[in-house]
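Engineer: got a predicted structure here, sequence first:
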Amino acid sequence: MGDTGQAGDPKRGSSRKSYYGIIFVIVVALIVAPFVLYGLRSSTFPSWQSSLSSLLIGAGTTLGLALFVPVVEREIARRTGEIARQSAETAAQTVAKQVHTDVAEVADRVTRVEQRLDDQLTAALADHDAERTRALDDLASASELGTVEFQDLASALDTLTETGLVPSHRLTVPLNSPTRAERVTLDWSSGEAGVSFIGLTALGRGVSSGTLAETQRMIEWTDQPAVEMLKSLALEMRTAGLATEAVGKQIFVNVEKALRQFRQSWTGEETWFEGPVLEWLADDWVITQQGLVRRGHGLLLRFAAQATFGVEVLGGPRERFPIPTGCDEDFWAIAVERTYAHLGRMRKLVSAQWPAGYSGGEGETVGLPRRF
């Protein structure tokens, strides 16, 4: 603030001009004086006059240089500083421009690398999904032709490994038509080399009693032809007194449909339930660890804790739930029965919602269960 004030002080500027003016007059006088003396005297100076003239000329020249050199020095310093400043600014601009260019090039390289990695990842995932889809397509084709081999089913089951939808490696599907009560349960073991073992147990209807019962022995399938495995399963059902007409290639058709829907839900292509899955009932119907789920309607019946006051409940009366709109009565009965089959100890089955699609019986509150 003080510097600015001094620079703008008019008195200081005036005194400086007077100082330089006096110096200028003295210099001029010292330079001109010898010539004036020369004009007043004869053409030949005396020795003392010559000495005085030389002295005055030297003094004037020295004094003039003494005044001129600082001015020139300041001007040189000013111009040198300006040139240095301009050079520094130019150098800084050049460096900044080069840095900006280098950063842009590096960013462009990073973007290209990231894009290349994204493309490679996308391609790898696409190949992986295509491989899984081919496994399901192969099972579907072999099921249609009746040429299913162990590896066809093993590869299809292996598509479940990464999804985590069946962590127990145990899945139940209809033995034949989803509208029939017979079931087959598949158990398998999986390792780095894929599925190496598949076991099958059946739930069939008694020939004489008509009641449902399970086979006592698991049929192990490793490498024998499918027809041999099915024959062993049918013989085991016959030993248990169960009807065998439901045994056939429909087992593989149902497994393929179930696995395809599971994968579509897991990849987000068509998500409509959350695992883990216990049983596939039919298209749009599954039983999970939460309960009975229907596509487009969500959880219909859910497993709930049973208040037993420390007494373990293993049976008791079952609820009868209203039939959802658009659902076959026989299929609904099977769906409820199969859901009860997965009911754990100390648990009960309750209605999970009261959707508008429910239609209760006469005098029945829609959506609420009633007892048999």
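Structural biologist: Happy to help now that I have it.

Engineer: where do the strands sit along the stretch 51-200 of the chain?
Structural biologist: Assigned strands in the stretch 51-200 of the chain, in chain order: 170-174, 183-191, 194-205 (criterion: DSSP state E, counting those that start in this stretch).

Engineer: against Gly326, how distant is Leu242?
Structural biologist: 32 Å (C-beta to C-beta, to the nearest Å). For glycine as for every other residue, the C-beta is placed from the backbone atoms N, C-alpha and C.

Engineer: the two - which one has more neighbours?
Structural biologist: Using other C-beta atoms under 10 Å, the more surrounded residue of Leu242 and Gly326 is Leu242, with 24 against 9.

Engineer: tell me who's in contact with the more buried one.
Structural biologist: Leu242 makes contact with 202, 204-207, 213, 215, according to C-beta atoms under 8 Å, 6 or more residues apart in numbering.

Engineer: coming back round to it: looking at the strands of the stretch 51-200 of the chain, which is buried most?
Structural biologist: strand 170-174 (a mean of 22; mean count of other C-beta atoms under 10 Å).

Engineer: got any ranges where the stretch 201-350 of the chain has weak pLDDT?
Structural biologist: Where the stretch 201-350 of the chain drops to pLDDT under 70, the residues are 307-317, 346.

Engineer: what ranges do the strands span in it?
Structural biologist: Using DSSP E, counting those that start in this stretch, strands in the stretch 201-350 of the chain cover 212-214, 219-221, 277-282, 285-288, 291-294, 298-305, 319-320, 323-324, 347-351.

Engineer: same list (those) but as JSON lines, adding mean neighbour count and distance to Glu192.
Structural biologist: Shown next, in JSON lines, are the strands of the stretch 201-350 of the chain (neighbours: other C-beta atoms under 10 Å; distance: least, C-beta to C-beta, whole Å):
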{"stretch": "strand 212-214", "mean neighbour count": "14", "distance to Glu192": "32"}
{"stretch": "strand 219-221", "mean neighbour count": "18", "distance to Glu192": "20"}
{"stretch": "strand 277-282", "mean neighbour count": "22", "distance to Glu192": "24"}
{"stretch": "strand 285-288", "mean neighbour count": "22", "distance to Glu192": "28"}
{"stretch": "strand 291-294", "mean neighbour count": "23", "distance to Glu192": "32"}
{"stretch": "strand 298-305", "mean neighbour count": "17", "distance to Glu192": "34"}
{"stretch": "strand 319-320", "mean neighbour count": "16", "distance to Glu192": "46"}
{"stretch": "strand 323-324", "mean neighbour count": "17", "distance to Glu192": "43"}
{"stretch": "strand 347-351", "mean neighbour count": "18", "distance to Glu192": "36"}
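
Engineer: who wins for proximity to Asp119 among the ones you listed?
Structural biologist: Across the strands of the stretch 201-350 of the chain, Asp119 has its closest neighbour in strand 277-282 (33.9 Å, C-beta to C-beta).

Engineer: next, the angle from the longest helix along the chain to strand 194-205.
Structural biologist: Scanning the chain for the longest helix, with DSSP state H as the assignment, gives helix 47-145. Counting by axes from the mean of the first three to the mean of the last three C-alpha atoms, to 10 degrees, helix 47-145 lies at 40 degrees to strand 194-205.

Engineer: which strands or helices does helix 47-145 pack on?
Structural biologist: helix 10-40, helix 150-158, helix 250-266 (3 or more C-beta pairs under 8 Å, 6 or more residues apart in numbering; DSSP states H and E).

Engineer: okay, the angle between it and helix 150-158?
Structural biologist: Going by the same axes, to 10 degrees, helix 47-145 makes 130 degrees with helix 150-158.

Engineer: ok, Gln289 touching Pro276?
Structural biologist: Yes - when contacts are counted by C-beta atoms under 8 Å, Gln289 is listed as touching Pro276 (5.2 Å).

Engineer: and the protein, what are its domains?
Structural biologist: 15-145, 148-271, 290-372 (automatic domain parsing).

Engineer: nearest to Trp280, out of those?
Structural biologist: Nearest of the domains of the chain (C-beta to C-beta): domain 148-271, 3.6 Å.

Engineer: identify whichever of the strands of the stretch 201-350 of the chain lies nearest to Glu114.
Structural biologist: Nearest of the strands of the stretch 201-350 of the chain to Glu114, taken as C-beta to C-beta: strand 277-282 at 37.0 Å.

Engineer: I'd like to know which elements that closest one is packed against.
Structural biologist: strand 170-174, helix 250-266, strand 285-288, helix 329-341.

Engineer: now the stretch 51-200 of the chain, which segments are flagged as low pLDDT?
Structural biologist: Those would be 51-60, 62-69, 125, 128, if you go by pLDDT under 70 across the stretch 51-200 of the chain.
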